[in-house]
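[1] Kindly return the folded structure for what I paste below:
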Amino acid sequence: MLLSSAGAARAVPVVPNFTQGSMTSHTETTSTVQETINSMDYNTGYQYVVTGTNVETDSANLAPAGVNNTSVTLNGVTSSWTGLDMSNKPAYEMTTPGAAFQFTESYQAPGLANHTIIQRTTTINSVTDTTSTFTQ
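    Numbering: from 1, shown residues only. Coordinates of the predicted model:
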């Protein structure tokens, strides 16, 4: 025969064995970003200018006849445009040979005017220091 006797269960309070303290955390993070910026500026039309004094042309049309289709591929991007055929422009001559004259002819074609490529790498360093203080 077994006899057992059990006493009453009692709770024992838990008392921390410290009165104050602190905890420090230090975190460092480094991020690197690489990027390429492609910027393209286009002239969407052409500009043809002829000015002068004591100058005449053999044509009623001052602009070159015909068109010139052009395309260019840069970094995988193809650009196409239509401009004037400068090999087919009218002839100009002095109205009064030997007299003073002035003649200016300029042509700005359509198409890619400027292509800028910027490649950059940015490194970001982040440091976080945290201190927690506690007391009882």
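[2] Please tell me how far Gln47 sits from Ala113.
    Using C-beta to C-beta, to the nearest Å, one gets 12 Å for the distance from Gln47 to Ala113. The C-beta positions use only the backbone N, C-alpha and C, and glycine is treated the same way.
[3] Give me the below-cutoff pLDDT ranges for this structure.
    Along the chain, the parts satisfying pLDDT under 70 run over 1-9, 16, 18, 65-66, 136.
[4] who's the residue most central in space within the chain bridged to?
    Centroid-nearest residue in the chain, with C-alpha atoms, centre = their mean: Ile37, separated by 3.3 Å. The partner list for Ile37 in beta bridges (DSSP bridges) reads Ile118.
[5] Same question for Thr24.
    Counting by DSSP bridges, the residues bridging with Thr24 are Thr131.
[6] Burial check on it, number of neighbours?
    If you count neighbours by other C-beta atoms under 10 Å, Thr24 ends up with 9.
[7] Look at Ser87 and tell me its secondary structure.
    Under DSSP: H, G, I helix; E, B strand; the rest coil, the three-state class of Ser87 is helix.
[8] thought the residue nearest to the centre of the chain was touching His115?
    No. At 11.5 Å, Ile37 and His115 do not qualify as touching, with contact defined as C-beta atoms under 8 Å.
[9] returning to that earlier point: show me the residues around the residue nearest to the centre of the chain that make contact.
    The contact partners of Ile37, by C-beta atoms under 8 Å, 6 or more residues apart in numbering, come to 116-120.
[10] How about Thr121?
    Neighbouring residues of Thr121 by C-beta under 8 Å, 6+ apart: 32-35.
[11] now, which of those lie within strands?
    Of the contacts of Thr121, the ones assigned to strands by DSSP state E are 32-35.
[12] Return the two entries of those residues that lie farthest from one another.
    Within these, Thr32 and Glu35 form the most distant pair, 10.7 Å apart (C-beta to C-beta).
[13] Find the residues that touch each one of those two.
    What both Thr32 and Glu35 touch, as defined by C-beta under 8 Å, 6+ apart, is the set 121-122.
[14] what about the residue nearest to the centre of the chain, distance to Leu84?
    Distance, Ile37 to Leu84, by C-beta to C-beta: 33 Å.
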